[in-house]
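**Q** With the input below, show me the fold.
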Amino acid sequence: MRWSGTIGFIGAGNAVDALVRGLLGRGVVTPERCLVTNRSNDVRLARLARERSVVTTRDKVRLVRDADVIVIAVKPSAVPEVLGEIAGHVEARHLVISVAAGIPLETIETALGSVAVVRAMPNTSTAVGESATAICGGRHADDAHLRVARALFEAVGRVVEIPERFFDAVTGVSGSGPAYVYLLAEAMIEAAQREGLDREVAIELVSQTVLGAGKMLVETGDDPAVLRARVTSPGGTTMAAMEVLTEGGFLATVGRAIARATRRAAELRGLPAARVR
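**A** Got it, this is the predicted structure:
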């Protein structure tokens, strides 16, 4: 999809770099239609201008004036300052997309007024174009706004649309999820070394195994239990390993980890645990 609008990024961190790379690489936008501003890091702006040929500026008012879509991609603590700076300049024609973790739609809508806002939560796999991103629209965001947001994030992975009340759960599952996979990979690599494999060989085998299993999930669309059953022959090596994992409480431990991450997402916004669903 080639999009004819202009997108302005407030923030120039790794998430923005990955999203810009995806948008340009997929031909969704052209470099002259990508504007980037940052509060203080001129080095990042210079690198984006040099490596991506995008337009950079330190003037947020200029960025808002020239952009059709405004992406707020700053740390949560910086969001109030950003909203204060742009509040008097955002117009009804704009679509505002926030990827600031934990900041609810209501906060942005209260500051900006009757403007379309979409909240999005990608994960760190945007860097390789394989993010899992959740989106939800605010009170003034219609289907057209959501289609634009979906197209932008599909440039760096897959997108699901969910109600905002589930965003803490998304944080626990896919937001933090890459770290769970990396921890599993670490454990597999260490175990492989204990069995006598060189570390480099172990890393290559484990990395490709994780990649292949993920592709099987995505491309077949089969339930994970079905795929697991196909690998697990009765009385075989995989069955022996599955028995150890089950006896060790693997499934329950993963469940507790996701539940804790979900609760922590609410805690970081100052919500009491009783309000977490």
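
**Q** Just read off the phi/psi values of the spatially most central residue of the chain.
**A** Centroid check for the chain by Cα atoms, centre = their mean gives P122 as the closest residue, at 1.3 Å. The phi and psi torsions at P122 (degrees, to the nearest 10) take the values phi -80, psi 180.

**Q** Report the separation between it and R33.
**A** 20 Å (Cβ to Cβ, to the nearest Å). Using the backbone N, CA and C atoms, a C-beta is placed for each residue, glycine as well.

**Q** do S131 as well
**A** In terms of Cβ to Cβ, S131 sits 21 Å off from R33.

**Q** Those two - which one has more neighbours?
**A** Set S131 next to R33 and count neighbours by other Cβ atoms under 10 Å: S131 wins out with 26 against 21.

**Q** Quick check: closest non-adjacent residue to that one.
**A** Of all residues not flanking S131 in the chain, G157 sits nearest, at 3.3 Å (Cβ to Cβ, 6 or more residues apart in numbering).

**Q** what does A111 give?
**A** A111's closest residue in space is L83 (Cβ to Cβ, 6+ apart), at 3.9 Å.

**Q** Buried residues, the host helix or strand of the one you found. List them.
**A** L83 is part of helix 79-86, with elements assigned from DSSP states H and E. Neighbour-count burial for helix 79-86, counted by 16 or more other Cβ atoms under 10 Å, picks out 79, 82-83, 86.

**Q** Next: stretch 44-54.
**A** 44-45, 48, 52, 54.

**Q** And for stretch 99-109?
**A** So, applying 16+ other Cβ under 10 Å, buried residues of stretch 99-109: 99-100, 102-105, 107-109.

**Q** JSON lines for the residues you listed, including secondary structure and pLDDT?
**A** Rendered in JSON lines, the data for the buried residues of stretch 99-109 read as follows (DSSP: H, G, I helix; E, B strand; the rest coil; pLDDT from 0 to 100):
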{"residue": "V99", "secondary structure": "coil", "pLDDT": "95"}
{"residue": "A100", "secondary structure": "coil", "pLDDT": "91"}
{"residue": "G102", "secondary structure": "coil", "pLDDT": "88"}
{"residue": "I103", "secondary structure": "coil", "pLDDT": "92"}
{"residue": "P104", "secondary structure": "coil", "pLDDT": "94"}
{"residue": "L105", "secondary structure": "helix", "pLDDT": "96"}
{"residue": "T107", "secondary structure": "helix", "pLDDT": "95"}
{"residue": "I108", "secondary structure": "helix", "pLDDT": "96"}
{"residue": "E109", "secondary structure": "helix", "pLDDT": "96"}
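
**Q** With respect to G249, which of the residues you listed is nearest?
**A** Closest approach to G249 among those (Cβ to Cβ): G102, at 29.9 Å.

**Q** That closest one contacts E267, correct?
**A** No - with contact defined as Cβ atoms under 8 Å, G102 does not count as touching E267 (9.8 Å).

**Q** Which residues are in contact with each of the two?
**A** Counting by Cβ atoms under 8 Å, 6 or more residues apart in numbering, no residue touches both G102 and E267.

**Q** about what we covered before: pLDDT averaged over the helix holding L83 - what is it?
**A** Taken as a whole, helix 79-86 carries a mean pLDDT of 95.

**Q** Same question for stretch 240-248.
**A** Confidence over stretch 240-248 (mean pLDDT, whole number) is 97.

**Q** And the contacts of it?
**A** 228, 232.

**Q** one more time with 7 Å
**A** For stretch 240-248, contacts defined as Cβ atoms under 7 Å, 6 or more residues apart in numbering pick out T232.

**Q** Pull the distance from it to the chain's centre.
**A** Centroid displacement of stretch 240-248 relative to its chain, using Cα atoms, centre = their mean, to the nearest Å, is 32 Å.

**Q** Can you dump the C-alpha atoms of it in PDB for me?
**A** What follows is stretch 240-248, C-alpha atoms only, in PDB (Å, rounded to 0.1, in the frame of the first residue of the first chain):
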ATOM      1  CA  ALA A 240      10.400 -37.700  27.300                       C
ATOM      2  CA  ALA A 241      11.300 -34.000  27.200                       C
ATOM      3  CA  MET A 242       7.600 -32.900  27.400                       C
ATOM      4  CA  GLU A 243       7.200 -35.100  30.500                       C
ATOM      5  CA  VAL A 244      10.000 -33.200  32.200                       C
ATOM      6  CA  LEU A 245       8.700 -29.800  31.300                       C
ATOM      7  CA  THR A 246       5.200 -30.800  32.500                       C
ATOM      8  CA  GLU A 247       6.400 -32.200  35.800                       C
ATOM      9  CA  GLY A 248       8.500 -29.000  36.300                       C
END
